[in-house]
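Peer 1: Kindly return the folded structure for what I paste below:
(one chain, ligands or ions: 1)
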Amino acid sequence: MPYTCANCGKKIKDFAGFVRCPYCGSKIFTKSRPNITREVSTD
Ligand SMILES: [Zn+2]
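Peer 2: Numbers count the residues shown, from 1 in each chain. Here you go, the predicted model:
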């Protein structure tokens, strides 16, 4: 399931063991799904 960074909008498909945006460092992502956009935060 690809994710989209909520901060910079980049799509991240491979998290490779870390959970933050490799482009901007954001930890807020949205799941790339039709119709439903859900924010996911990593507690
Ligand atoms: Zn980002």
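Peer 1: quick one: contacts for Phe29?
Peer 2: Tyr3, Thr4, Cys5, Ala6, Ile12, Cys21, Glu39, Val40 (CB atoms under 8 Å, 6 or more residues apart in numbering). Any C-beta I mention is one placed from the backbone N, CA and C, and that applies to glycine too.
Peer 1: Tell me the helices and strands packed up against the helix-or-strand element of the chain with minimal mean pLDDT.
Peer 2: Within the chain, no helix or strand scores below strand 39-41, which has a mean of 75 by mean pLDDT, DSSP states H and E. Packing partners of strand 39-41 (3 or more CB pairs under 8 Å, 6 or more residues apart in numbering; DSSP states H and E): strand 28-31.
Peer 1: Work out the gap between the strand it packs on and the centre of the chain.
Peer 2: 4 Å (CA atoms, centre = their mean, to the nearest Å).
Peer 1: partners of it, with directions?
Peer 2: strand 3-5 (antiparallel), strand 39-41 (antiparallel) (DSSP bridges).
Peer 1: How about Ile28, nearest residue that isn't a chain neighbour?
Peer 2: Spatially, and ignoring its direct neighbours in sequence, Ile28 is nearest to Ala6 (4.1 Å; CB to CB, 6 or more residues apart in numbering).
Peer 1: got a list of contacts for the least confident helix or strand of the chain?
Peer 2: Tyr3, Ala6, Lys27, Ile28, Phe29, Thr30, Lys31.
Peer 1: returning to that earlier point: any idea which of the strands paired with strand 28-31 is most buried?
Peer 2: A comparison of the strands paired with strand 28-31 by mean neighbour count, using mean count of other CB atoms under 10 Å, puts strand 3-5 on top with a mean of 18.
Peer 1: Check whether that one comes near the ion.
Peer 2: Yes: Strand 3-5 is in contact with the ion by CB under 5 Å from the ion, via Cys5.
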